[in-house]
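Visitor: coords below, sequence missing:
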């Protein structure tokens, strides 16, 4: 395996990581910002208030996005398996 192949595999894996984890992180960020805005407007500075809505939002996002995430990871694994088979 050449250094160019290693960089190609690494960049493909990082892109798949971003594509897979990005939507869930975006949901967590959006919910966190929304709750922070509500806390700033109402001046309720309770630190534990953000956890429950974030956990619920992430749970539903994972439930909704799990097929997409599994497809991304499956496609990466198939590409890696094809790369391994074509080496020999």
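Guide: Cool, got the structure. In this text, all values refer to a predicted model and were calculated from it rather than measured experimentally. Numbers count the residues shown, from 1 in each chain.
Visitor: When you work out contacts or count neighbours from here on, use the C-alpha atoms and nothing else.
Guide: Noted.
Visitor: ok, the spatially most central residue of the chain - contacts?
Guide: Central residue of the chain (C-alpha atoms, centre = their mean): residue 21, 0.7 Å from the mean position. Under the criterion of C-alpha atoms under 8 Å, 6 or more residues apart in numbering, the contact list for residue 21 reads residue 69.
Visitor: mind checking how far it is from residue 28?
Guide: Applying C-alpha to C-alpha, to the nearest Å, the value for residue 21 to residue 28 is 11 Å.
Visitor: How about residue 7?
Guide: Applying C-alpha to C-alpha to residue 7 and residue 28 gives a distance of 31 Å.
Visitor: who has more neighbours, these two?
Guide: residue 28 (19 against 11; other C-alpha atoms under 10 Å).
Visitor: And the pLDDT for the more buried one?
Guide: Confidence at residue 28, expressed as pLDDT, is 95.
Visitor: isn't it right next to residue 60, touching?
Guide: No - counting by C-alpha atoms under 8 Å, residue 28 stays clear of residue 60, with 10.9 Å between them.
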